[in-house]
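1. Sequence and predicted model, in that order:
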Amino acid sequence: MEAAAQPSAAPIRRYRRAELDEEEENKSRALLTESEDADDAEYIPVAKRRRLEEQRLRKLLKASAGNLSSDDPGSADPSHPTLSRETSPMPEGPATRNKESLLLVAARNRKEQPEATEADKQLEEEADIMKHVLQKQALKAVKELAQDTVYTKSMTTGWKPPLRYRRMTEDERQAVRDTCRIVIDGHNVPPPITNFKDMKMPPCILRTLEAKGIKKPTPIQIQGLPVALAGRDMIGIAFTGSGKTLVFCLPMLLIALQEEMRMPLIRGEGPVGLVLCPSRELARQTHEILTAYCGALRLDGYPELRPMLVMGGVDPKLQTDIIRQGVHMAVCTPGRLKDLLHKKRMNLDICRYLCLDEADRMVDGGFEEEMRDVLSFFKSQRQTLMFSATMPAKIKAFAESALVDPIEVNVGRAGAANLDVIQEVEYVKEEAKLDYLLECLQKTAPPVLVFAENKKDVDAIHEFLLVKGVEAVAIHGDKEQEEREKSIDEFKDGTKDVLVATDIASKGLDFADIKHVVNYDMPDEIENYVHRIGRTGRCGKTGVATTFINTRHTNETILLDLKHLLKEAKQRVPHFLLALDDPLEAMEEMAAKSGVKGCTICGGLGHRATQCPKLQAENRAATRANKDYFGSGGFGGEM
Ligand SMILES: Nc1ncnc2c1ncn2[C@@H]1O[C@H](COP(=O)(O)OP(=O)(O)OP(=O)(O)O)[C@@H](O)[C@H]1O
C-alpha cells in the first residue's frame with residue numbers, strides 16, 4: 001500500500017515545495033523593500049492609517065462573508081489569495097489562518113456550531129436551578145461534621161434472612177421484584193421476602209398483624225423490611241397507603257426489644273429508636289401503632305417496651321416524667337423534640353435508629369434546620385431510614401448526604417397517584433360549590449374527607465354541613481390540639497361521617513376505609529393532590545376522589561400537572577383539561593434529552609423545573625421572609 005502511494009505523493013510534495021520557495025522569495029523581497037523604504041518612508045497621519053486599515057478589514061470581511069455563505073469555495077472572492085482555495089493551491093495551514101481576524105474565526109465557529117434549540121436552553125436553565133436547589137449542607141451530626149467523621153459501613157443487627165432466601169440467585173430475587181414492581185438501587189440488597197413469618201417476627205407480632213387483617217406483606221414491605229431488618233440505611237418510596245409505616249415500625253420494635261433483653265434501660269435512658277414526623281396527627285398515629293405492638297409483646301411475656309410521643313400541645317412535664325422511667329422509642333415532631341433536647345430533658349446518647357417519615361414534607365416544610373439540630377445530638381452511628389410517597393430530587397440529594405451506603409426501594413414512580421383511587425375532576429362555579437358538595441356526599445357511604453386550602457373555607461364548609469344536618473367535624477392549624485384530637489377520634493370511630501380539613505390531614509394520616517375524598521379546591525401543588533386523594537383507596541381497597549376545579553382560579557401549570565397525572569393513572573380527563581394549551585412537544589423533546597419526565601423539583605408531569613409552581617411559591621415566601629433564596633416556606637403554623 002505504502003509503495004503504491006509513494007509515487008503519487010512525491011510530485012505533490014515537489015509542487016508544494018516550489019510554491020513555498022516562491023512565496024518565501026516574495027516575502028523576503030517585500031521585507032527588503034520595506035526595510036529599504038523604511039528610512040525615507042513618507043509619514044502617514046494616524047487618522048489616515050486607521051482609515052486605510054478599516055478599508056482593508058472591510059474588504060477582508062466582505063470576502064470572507066462571501067466565502068462563508070457558500071459551501072462552494074469557488075464562490076469566494078477570487079481576487080483574495082488567502083480566502084480563495086481555488087486560486088491558492090496551498091492547503092489551509094497555520095500560516096493562512098494567522099492572517100484571519102478574530103472576528104472571522106468567531107463567525108466561522110458560530111457557523112460550524114449547531115444552533116442551541118429552545119429545549120437545550122431550557123435544560124441548561126434547569127441544570128442551573130437544580131444546582132442551587134441541591135446546594136444544601138450534608139445532613140450530618142455536628143460532631144460528625146466537626147470531626148469529619150465519615151461512616152462507610154452500614155450498621156449490623158445480627159438479623160439474617162432464612163437460608164433459602166440467602167441461596168436465591170440474583171435472577172430469582174429480581175423475578176420477585178419484577179412481579180411486585182419493586183425497583184431497587186444500591187449494593188448488596190437483601191433478598192425480597194414474601195411472608196412475615198420468614199422475616200423472623202416474634203409469633204405475637206404475627207398474631208397482631210393477622211388480627212389487623214395484615215396477612216401478606218405489601219411490595220414496599222416485601223423488600224423494605226429485609227433491608228431495614230438487616231440494618232441498612234434506606235430510602236423508601238411508595239404510593240400513599242401502601243404500608244410504609246410498618247417498614248420502619250417493626251424493625252425499630254425488634255431493635256428496642258433486643259436492646260432491652262441485652263441490657264434493660266435504666267431511668268433517664270433512651271430512646272433507642274426515634275421517628276420524626278412532620279405533623280402532630282401523624283406522630284400520634286405512629287405512636288398508637290407502636291403502643292399496640294408493645295402491648296402484644298408484653299402479653300406474650302416479653303419485657304415492657306415504652307414508646308413515647310413528643311410533640312407540641314402535650315404537657316412537657318408529662319413527657320419528662322415518661323423519660324425518667326427510660327424510653328425505648330420516641331415518635332416526635334421536630335420542634336418539641338429540639339426543645340426537650342436543648343433543655344437537656346432528653347438525650348439521644350444511645351439512639352441508634354432514626355426514621356424520617358414523610359421526609360419530603362419535613363425538608364419542604366421548613367424543618368430542615370430543626371432536623372439538622374436534632375442530628376447534632378446523636379453520639380454514635382445510627383441506622384437512618386427515609387420514607388415518602390413523593391421524592392423530588394432535592395430530597396434525594398439530601399438523603400444521599402445523610403445516609404450510609406443506602407438502598408433505595410421504589411414501588412411505582414415517586415409522586416404517582418395510587419391506582420386504586422377513581423379520580424373524578426369536575427368544573428364547579430365558585431358560588432355553586434357548597435350545594436354541589438352536598439350532592440357529592442350522596443355519591444358514597446361515609447366516611448368522607450373534605451379538603452380545602454385555607455382555614456376560613458374549612459370553617460365555612462363545616463358550618464354549612466352542620467346547618468344541613470351532616471355529622472361533620474373539622475380540623476386545621478388554628479384549632480386547639482385537644483379539639484383536633486377529639487375530632488379525629490370521632491371521625492375514626494365512626495361517630496362523625498365527614499371530616500373537613502386543610503392539608504394537615506392529607507399527609508400520612510391513616511383513616512380506616514375512607515370511601516370518598518372531596519377536594520373542595522385544587523391544591524397549589526400536585527404533590528398535595530396526590531397526598532390528599534391517597535387518604536382513600538388504601539391497601540388494596542378502592543376509593544373515589546372528586547375534585548372541584550374552577551379554571552379561572554387555578555394556576556394553569558397545576559392544571560397541566562393534573563391532566564398528565566390523570567392520563568398516567570388511566571383516568572377520564574375532562575374536556576376543559578384536554579382543551580388546555582399544552583406544550584407537549586417541547587416537553588417530550590426535553591424528556592428525551594434529559595431522561596427525566598416532568599419536573600425534577602415537585603414531580604409534576606405537566607411542567608418542567610423552570611416553571612415549577614412549588615419553587616416559585618417557595619421563592620416568594622423566601623423573599624417575604626428574607627430567607628435563603630432557595631429555602632422553603634414553612635408549614636404556615638400547621639405544626
Ligand atoms: N400488608 C398489609 N396488608 C393489609 N393492610 C396493610 C398492610 N400493611 C399495612 N396495612 C394497612 O394499610 C393502611 C395504610 O398503611 P400505612 O399508613 O402504613 O400507609 P403509608 O404507605 O404510610 O401511607 P401514606 O403515604 O399515606 O402515609 C393501614 O391501615 C395499615 O394498617
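-> Structure received.
2. The chain: strands as residue ranges?
-> With DSSP state E, the ranges of strands along the chain come out as 182-185, 234-238, 273-276, 307-310, 329-332, 353-356, 383-388, 407-411, 421-427, 448-451, 472-475, 498-501, 516-519, 543-549.
3. for the ones you listed, which one sits closest to the ligand?
-> Closest of the strands of the chain to the ligand is strand 234-238, at 5.9 Å (criterion: Cβ to the nearest ligand atom). For every residue, glycine as well, the C-beta is placed using N, CA and C.
4. Which other helices and strands does the closest one contact?
-> Packing partners of strand 234-238 (3 or more Cβ pairs under 8 Å, 6 or more residues apart in numbering; DSSP states H and E): helix 219-229, helix 244-262, strand 383-388, strand 407-411.
5. would you turn those into CSV with mean pLDDT, distance to Leu123 and mean neighbour count?
-> CSV is the format used below for the helices and strands packed on strand 234-238 (pLDDT from 0 to 100; distance: least, Cβ to Cβ, whole Å; neighbours: other Cβ atoms under 10 Å):
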stretch, mean pLDDT, distance to Leu123, mean neighbour count
helix 219-229, 97, 32, 27
helix 244-262, 95, 33, 22
strand 383-388, 90, 26, 26
strand 407-411, 92, 24, 24
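6. how about those, which one is nearest the ligand?
-> helix 244-262 (3.2 Å).
7. Convert the C-alpha atoms of the closest one to CSV, please.
-> Output in CSV follows, covering the C-alpha atoms of helix 244-262 (Å, rounded to 0.1, in the frame of the first residue of the first chain):
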residue,chain,number,x,y,z
LYS,A,244,-44.7,2.2,54.6
THR,A,245,-45.3,2.7,58.4
LEU,A,246,-44.8,-1.0,59.3
VAL,A,247,-41.5,-1.0,57.3
PHE,A,248,-39.9,1.3,59.9
CYS,A,249,-42.0,0.4,63.0
LEU,A,250,-41.4,-3.3,63.1
PRO,A,251,-37.6,-3.2,62.8
MET,A,252,-37.5,-0.4,65.4
LEU,A,253,-39.6,-2.6,67.8
LEU,A,254,-37.2,-5.5,67.3
ILE,A,255,-34.1,-3.4,67.9
ALA,A,256,-35.6,-1.9,71.1
LEU,A,257,-36.5,-5.4,72.2
GLN,A,258,-33.0,-6.7,71.5
GLU,A,259,-31.5,-3.8,73.4
GLU,A,260,-33.9,-4.3,76.4
MET,A,261,-33.2,-8.0,76.6
ARG,A,262,-29.5,-7.5,76.4
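8. between that helix and strand 234-238, how big is the angle?
-> Orientation note: helix 244-262 sits at an angle of 150 degrees relative to strand 234-238 (axes from the mean of the first three to the mean of the last three Cα atoms, to 10 degrees).
9. How far does helix 244-262 sit from its chain's centre?
-> 28 Å (Cα atoms, centre = their mean, to the nearest Å).
10. From what I see, Gln221 and Val247 are in contact.
-> Yes. Look at Gln221 against Val247 with Cβ atoms under 8 Å: they come within range, at 5.7 Å.
11. Near the ligand, which residues of the protein? Just list them.
-> When proximity is defined by Cβ under 6 Å from any ligand atom, the chain lies next to the ligand at 212-214, 216-218, 221, 238, 240-246, 389, 508, 510, 534, 538-539.
12. redo that, cut-off 8 Å
-> Contacts of the chain with the ligand, taken as Cβ under 8 Å from any ligand atom, map to 209, 212-218, 220-221, 238-247, 282, 285, 289, 357-358, 387-389, 507-510, 512, 531, 534-535, 538-540.
13. Give me the buried subset of those.
-> 209, 214, 217-218, 220-221, 238-247, 282, 285, 289, 357-358, 387-389, 507-510, 531, 534-535, 538 (16 or more other Cβ atoms under 10 Å).
14. mind checking how far Phe377 is from Gly231?
-> When distance is defined by Cβ to Cβ, to the nearest Å, Phe377 is 21 Å away from Gly231.
15. what do you get for Ala432?
-> 56 Å.
16. and these two? which has more neighbours close in?
-> Gly231 (20 against 12; other Cβ atoms under 10 Å).
17. My guess is that one contacts Arg382. True?
-> No. When contacts are counted by Cβ under 8 Å, Gly231 is not listed as touching Arg382 (10.5 Å).
18. for Gly606, what are its contacts?
-> Gly606 is in contact with Ile526, Thr557, Ile558, Leu559, Leu560, Asp561, Leu562, Lys563, His564, Leu565, Asp582, Gly598, counting by Cβ atoms under 8 Å, 6 or more residues apart in numbering.
19. State the distance from it to the ligand.
-> Going from Gly606 to the ligand by Cβ to the nearest ligand atom, to the nearest Å gives 22 Å.
20. Got the confidence number for that residue?
-> With respect to pLDDT, Gly606 scores 77.
21. go on, Leu403?
-> 86.
22. Now do the same contact list for the closest residue to Gly534 other than its chain neighbours.
-> Excluding the flanking residues, the one nearest Gly534 by Cβ to Cβ, 6 or more residues apart in numbering is Thr240, at 2.4 Å. Contacts for Thr240 (Cβ under 8 Å, 6+ apart) come out as Ala389, Asn418, Val530, His531, Ile533, Gly534, Arg535, Arg538.
23. could these go into CSV alongside distance to Pro271?
-> Listed next are the contacts of Thr240 as CSV, based on distance: Cβ to Cβ, whole Å:
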residue, distance to Pro271
Ala389, 26
Asn418, 32
Val530, 32
His531, 28
Ile533, 34
Gly534, 29
Arg535, 29
Arg538, 28
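24. Pull the number of nearby residues for Arg345.
-> 16.
25. Isn't it up against Pro316?
-> Yes. With contact defined as Cβ under 8 Å, Arg345 counts as touching Pro316 (7.3 Å).
26. which one is Pro226 nearest to, not counting chain neighbours?
-> Per Cβ to Cβ, 6+ apart, closest to Pro226 is Pro190, 4.0 Å.
27. How about Lys468?
-> Leu438 (6.1 Å).
28. hmm, back to that, export the strands of the chain to a markdown table and append columns for distance to Leu104.
-> What follows is these, written out as a markdown table (distance: least, Cβ to Cβ, whole Å):
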| stretch | distance to Leu104 |
| --- | --- |
| strand 182-185 | 51 |
| strand 234-238 | 54 |
| strand 273-276 | 63 |
| strand 307-310 | 72 |
| strand 329-332 | 68 |
| strand 353-356 | 59 |
| strand 383-388 | 56 |
| strand 407-411 | 53 |
| strand 421-427 | 59 |
| strand 448-451 | 64 |
| strand 472-475 | 72 |
| strand 498-501 | 68 |
| strand 516-519 | 62 |
| strand 543-549 | 58 |
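29. Any idea which of the ones you listed gets closest to Leu605?
-> strand 421-427 (14.0 Å; Cβ to Cβ).
30. Show residues contacting that closest one.
-> Contacts of strand 421-427 (Cβ under 8 Å, 6+ apart): 417, 436, 517, 533-534, 536-537, 542-551, 562, 566, 569, 571-574, 576-577.
31. circling back to that earlier point, any idea how far the ligand is from the residue nearest to Pro226?
-> Taken as Cβ to the nearest ligand atom, the span from Pro190 to the ligand is 18 Å.
32. That residue: how many residues sit nearby?
-> 22.
33. I'd say Phe378 and Ile350 touch.
-> No. Counting by Cβ under 8 Å, Phe378 sits too far from Ile350 to count as a contact (10.0 Å).
34. Between these two, which has more neighbouring residues?
-> Phe378 (22 against 15).
35. For that one, report the pLDDT, please.
-> Taking Phe378 on its own, its pLDDT is 90.
36. OK, contacts around the residue nearest to Pro226?
-> Pro161, Pro226, Val227, Leu229, Ala230, Arg232 are the contacts of Pro190 under Cβ under 8 Å, 6+ apart.
37. Scan the helices and strands of the chain for the one with the lowest mean pLDDT.
-> helix 2-38 (a mean of 42; mean pLDDT, DSSP states H and E).
38. Give me the nearest residue to Val473, chain neighbours excluded.
-> Ser487 (3.8 Å).
39. Pretty sure that neighbour sits against Val500.
-> No. Taking Cβ under 8 Å as the definition, Ser487 is not a contact partner of Val500, at 9.3 Å.
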